[in-house]
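Engineer: Sequence plus the predicted model coming up.
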Amino acid sequence: MTPLLIFTDLDGTLLDHHTYCFQPALAAMRSLKTFSIPCVINTSKTFVELIELRKALHHQDPFIVENGSAVYIPKHSALTLDETLEDCGDYWRKSFGPKRDELIELTNDKQEQYSFKRFIDMTWQELVSLTGLSETNAKQALQREFTEPMVWMDSNLALSVFRDDLAKFGVQVQKGGRFAHLMGEHCDKANAMLWLKAVYEQQSDEAITTMALGDGENDVGMLSKADIPVVIRSPVHAPPEIPNRCDAWLSDAYGPEGWAQAINRVLIQQGIL
């Protein structure tokens, strides 16, 4: 049996798009723990947001924050690391991009050309009304380290020009479920996934099969590089297309229910369940 490694998005995937509930996925998550299959969270959320959420999920595995900007590995993990990583309290951190301040500085003068609103320009109250997050969660979402989400209010054509403009500075713009995310050119859910997969493979005698689950445009890179790509159906937008991957699964159910169905399906296919 080939070792399995799961990478999952959160909003709209493991968490319900509207309510952020994960209850329908809990039984499948317990199955992964039972069979010692790591489930790596790979999200646009911040480190601060994930600390509380991981407690609620009883999550013990590594996690990836801010759209692939950094990987956090718990120090209690059995993983051995070849390279020196940043010491962040209970975690080792591998970061892939520039700090948030550089992104803010770079876009300060762009608001005259384009119509957008960045997190730095918002109050937590505005973020609550946009997302339905609680006050605590909204305040945590504003505490970013490597990326700057923004509400894009201009045309798709303007977004394309904006992307080209920032590319000259080594910055990319990725479209998520709700926001467009500014980040370093090497910050990518796929890059972070492949780096962490290599770390796991160093501990294993066998090749590892990766399964990735996501629902948004910013998951496409991760899905396209996974051995088993799973698109989770969304109640608010069409499923993203995964280029050159006619083998991608599309869940029947939305959010965490679809997530659980996909996990159970792969466990049965792999002869684990």
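Structural biologist: That came in fine, so what should we check first?
Engineer: give the contact list for the residue most central in space within the chain.
Structural biologist: The residue lying closest to the centre of the chain (C-alpha atoms, centre = their mean) is Thr43, at 2.0 Å. Counting by C-beta atoms under 8 Å, 6 or more residues apart in numbering, Thr43 makes contact with Asp9, Leu10, Asp11, Leu50, Phe63, Ile64, Val65, Glu66, Asn67. In short, each C-beta sits where N, CA and C put it, glycine included.
Engineer: From Pro239, how far out is it?
Structural biologist: 19 Å (C-beta to C-beta, to the nearest Å).
Engineer: cool, Met153 as well?
Structural biologist: Distance from Met153 to Pro239, by C-beta to C-beta: 25 Å.
Engineer: In terms of neighbours, single out the busier of these two.
Structural biologist: Pro239 (14 against 10; other C-beta atoms under 10 Å).
Engineer: Just give the nearest non-adjacent residue to the more buried one, would you?
Structural biologist: Spatial nearest neighbour of Pro239, excluding adjacent residues (C-beta to C-beta, 6 or more residues apart in numbering): Val231 at 4.7 Å.
Engineer: Tell me the secondary structure of that neighbour, please.
Structural biologist: strand (DSSP: H, G, I helix; E, B strand; the rest coil).
Engineer: cool, Asp219 as well?
Structural biologist: Per three-state DSSP, Asp219 ends up helix.
Engineer: Tell me which residues touch it, please.
Structural biologist: Neighbours of Asp219 in contact, by C-beta under 8 Å, 6+ apart: Asp9, Thr13, Lys189, Ala212, Pro240.
Engineer: Serialize those to a markdown table and add fields for neighbour count.
Structural biologist: Below are the contacts of Asp219 laid out as a markdown table (neighbours: other C-beta atoms under 10 Å):
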| residue | neighbour count |
| --- | --- |
| Asp9 | 30 |
| Thr13 | 33 |
| Lys189 | 27 |
| Ala212 | 29 |
| Pro240 | 19 |
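Engineer: any chance of those residues in TSV, plus pLDDT?
Structural biologist: Shown next, in TSV, are these (pLDDT from 0 to 100):
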residue	pLDDT
Asp9	98
Thr13	97
Lys189	95
Ala212	98
Pro240	93
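Engineer: just to revisit the earlier point, from memory the residue nearest to Pro239 sits against Ala238, does it?
Structural biologist: No. Between Val231 and Ala238 no contact is recorded; they are 10.1 Å apart, counting by C-beta atoms under 8 Å.
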